[in-house]
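[1] whatever this is, show me its structure:
(2 chains)
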Amino acid sequence: MTAVFWIAGILAVAGALGVIVAKTPVHSVISLVVNILALAALYLALHAEFLALIQVIVYAGAIMILFLFVIALLTARKDPIERTEGKLEGQRELGLVTAVGGAVLMIAVAASAGLGRMPANEALPSGFGSAAAFGRELLTTHIFSFELTAFVLLAAVIGVVVLVGRRQL
Amino acid sequence: MEMVLLLLLKSIVWIVVLLSIFAFLMLFERKFLGYFQLRLGPNRTGPWGLLQPVADAVKIIIKEDIIPREADRITYKLAPIASLFVALAAFASIPVGPPIELFGRTIELSIVNPNAGVLLLFATTSLGVYGITLGGWASQSKYSLLGALRSTAQMISYELSLGLSIIGVLILAGSLNLYDIVQAQERVWFVLLNPVGFLIFFISMFAETNRVPFDLPEAETELVSGYSTEYSGMRFGMFMIAEYINMITMSALAALLYLGGWNGPSFLPGIVWFALKVTLFIFIFIWVRATMPRLRYDRLMSFGWKVMLPVALANLVITAAAVSLF
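    Numbering: from 1, shown residues only, chains lettered A, B, ... in the order given. So this is what the prediction gives:
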């Protein structure tokens, strides 16, 4: 399991770096897919089988493909659209500050929560991470956030219908 | 360690078997297309043209590998590999028969058997579109890009109805495991309990594998050959192999989910029943190719979203209600 963690972890970080380093947008998308698949492997190492598969189906299988669709359409010619740095100034400096600040914050939170001292082999409840356990949790404990998310998605669907369908009405 | 070796051995056997099936599938497709069109099909290489796969393999391997000057080289090379990898990986969770006893141990006839087998299969096949989209984009050619964009839109649209039709089966079987699903069909096949779901699955199956009448990503008559226009030699071969293996995977999935998998009268072993059912679906794939014209693109999309999706949703609600009430 430790080997899985290290391999998947390194791949996830490499993928995340690839997203920002790549010059071509399509290469960024490929890196992000690698990152998402590595994250799914990490979930799997945590015995969250259902979550890992849903991660692949929803993010790698649907959302990133739509990203790729739009980016492939916009960069149909190979030369990158943005040759210059653009009008936004001080991006690098701001990015550096945010990254360092975020890292410090995360390390502080991890240290105060005592993540380094987590018990190693605590027994998992039976059926942990299975679709049944996941569904029961989602529809009992987290029913409010579940319904709220459904409501937000419904609003988005109605919004799309109103915006796109107006021409034909 | 022993488990890893067994996995490795199974994987190698599976890949060899799949590639051999692919080779002869091409021959059978050309033969049957020939008969459907009152021709003879390939008949110069060996008896009944049986050596045709060998001739094809030699030809495709020694062809020149052409990379367009404007192409994005890394992505161009990556795309066919991704396609083939996903196609082969998808087959890993498909069981081809009941577990057998060999050398005093039980061996499952699938490479892996996770609890959520159907989801794993669905997750892997949903990655299949990357190879096509990336290949089409990397070629930097109009036809390739148009083919790639079409295939993305088409596969995403039909994946929805495919997924929804599968959920009906999952509700009936009460499990995500492919062995359990086959077990649940020992008495009645799900095609009888959920005929509408089967119909939706059956139609989506053709769209997901980019086969006639949904072969718009390739559409020779208008897009030359779609996403694979610029590919030659073995790189084109990899796309071909991926397409045919996807066809086998989908046929196997249809047999597992709706036709009772390896269940059948006991005068034949389970694995033979399963092979027969898969062959039936593959024959239907070829039959449809010989019979149906290609759909127009806008009709394909509106059919997917305005007919398939609502029917699949209604079928899901009715199935769920029926299962919980009776």
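[2] contacts and neighbour counts: CA atoms only from here.
    Will do.
[3] tell me the residues of chain B that contact chain A?
    B:70, B:72, B:75, B:115-116, B:119-120, B:122-124, B:126-127, B:129-130, B:133, B:137, B:140, B:145, B:149, B:152, B:156 (CA under 8 Å from any CA of the partner chain).
[4] name the nearest residue to the residue nearest to the spatial centre of chain A, ignoring sequence neighbours.
    Nearest residue to the geometric centre of chain A (CA atoms, centre = their mean): residue A:36, 6.2 Å. Spatial nearest neighbour of residue A:36, excluding adjacent residues (CA to CA, 6 or more residues apart in numbering or on different chains): residue A:60 at 6.6 Å.
[5] tell me how many other residues crowd that neighbour.
    For residue A:60, the count of nearby residues is 25 (other CA atoms under 10 Å in any protein chain shown).
[6] one more: residue B:98?
    Residue B:98: 20 surrounding residues under other CA under 10 Å.
[7] in contact with it, which residues?
    B:108, B:109, B:179, B:262, B:270, B:271 (CA atoms under 8 Å, 6 or more residues apart in numbering or on different chains).
[8] export those to a markdown table and tack on pLDDT and secondary structure?
    Below are the contacts of residue B:98 laid out as a markdown table (pLDDT from 0 to 100; DSSP: H, G, I helix; E, B strand; the rest coil):
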| residue | pLDDT | secondary structure |
| --- | --- | --- |
| B:108 | 75 | coil |
| B:109 | 74 | coil |
| B:179 | 85 | helix |
| B:262 | 83 | coil |
| B:270 | 79 | helix |
| B:271 | 83 | helix |
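[9] between those, which is nearest chain A?
    When the contacts of residue B:98 are compared for distance to chain A (CA to the nearest CA), residue B:179 wins out at 16.3 Å.
[10] ok, the residue nearest to that closest one when sequence neighbours are not counted to residue B:67 distance?
    Nearest non-adjacent residue to residue B:179, counting by CA to CA, 6+ apart: residue B:95, 7.4 Å away. The spacing between residue B:95 and residue B:67, counted by CA to CA, to the nearest Å, is 39 Å.
[11] these two: which has the busier surroundings?
    The residue with more neighbours, out of residue B:95 and residue B:67, is residue B:95; 25 against 15, by other CA under 10 Å.
[12] residue boundaries of the helices in chain A?
    For chain A, the helices defined by DSSP state H cover A:2-21, A:25-45, A:49-55, A:64-74, A:91-113, A:131-139, A:143-165.
[13] now mean pLDDT too, for those helices, in a markdown table please.
    Listed next are the helices of chain A as a markdown table, based on pLDDT from 0 to 100:
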| stretch | mean pLDDT |
| --- | --- |
| helix A:2-21 | 89 |
| helix A:25-45 | 89 |
| helix A:49-55 | 87 |
| helix A:64-74 | 85 |
| helix A:91-113 | 88 |
| helix A:131-139 | 84 |
| helix A:143-165 | 90 |
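[14] what about residue B:180, how many neighbours?
    15.
[15] care to break chain A down by domain?
    Taking automatic domain parsing as the reference, chain A has its domains at A:1-78, A:139-169.
[16] and residue B:133, how many neighbours?
    Neighbour tally, residue B:133, other CA under 10 Å: 27.
[17] over to the one 4 residues further on?
    Using other CA under 10 Å, residue B:137 is surrounded by 33 other residues.
[18] for residue B:232, see how far away it is.
    The spacing between residue B:137 and residue B:232, counted by CA to CA, is 16 Å.
[19] residue B:39 too?
    Distance from residue B:39 to residue B:232, by CA to CA: 28 Å.
[20] same deal with residue A:24?
    Between residue A:24 and residue B:232 the distance is 25 Å, computed by CA to CA.
[21] which SS class is the residue nearest to residue B:179?
    coil (DSSP: H, G, I helix; E, B strand; the rest coil).
[22] for it, give me the pLDDT.
    Turning to residue B:95, the model gives it a pLDDT of 85.
[23] ok, for residue B:181, nearest residue in space, not its chain neighbours?
    Once flanking residues are discounted, residue B:181 sits nearest to residue B:173: 5.4 Å by CA to CA, 6+ apart.
[24] residues in contact with that neighbour?
    Listed by CA under 8 Å, 6+ apart, the contact set of residue B:173 reads B:180, B:181, B:184, B:185.
[25] so what's it scoring on pLDDT?
    In this model, residue B:173 is scored at 86, pLDDT.
[26] return the residues of chain A in contact with chain B.
    Looking at chain B, the residues of chain A close enough under CA under 8 Å from any CA are A:27, A:49-50, A:53-54, A:56-57, A:60-62, A:65-66, A:68-69, A:72-73, A:76-78, A:130-131.
[27] for ChimeraX, what selects the buried ones among those residues?
    Restricted to buried positions by 16 or more other CA atoms under 10 Å in any protein chain shown, the ChimeraX selection for these reads:
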select /A:27,49,50,53,54,56,57,60,61,62,65,66,68,69,72,76,77,78,130,131
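[28] what's the weakest-modelled helix or strand in chain B?
    Least confident helix or strand, chain B: helix B:220-223 with a mean of 70, by mean pLDDT, DSSP states H and E.
[29] next SSE downstream of it?
    Reading on from helix B:220-223 to the C-terminus, the next helix or strand found by DSSP states H and E is helix B:233-257.
[30] what packs against that following helix?
    Judged by 3 or more CA pairs under 8 Å, 6 or more residues apart in numbering or on different chains; DSSP states H and E, helix B:233-257 is in contact with helix B:2-36, helix B:52-62, helix B:73-90, helix B:178-184, helix B:195-208, helix B:270-291.
[31] could you list every helix and strand in contact with the longest one?
    Yep, that's helix B:2-36 we're talking about. Using 3+ CA pairs under 8 Å, 6+ apart, helix B:2-36 is in contact with helix B:52-62, helix B:233-257, helix B:270-291.
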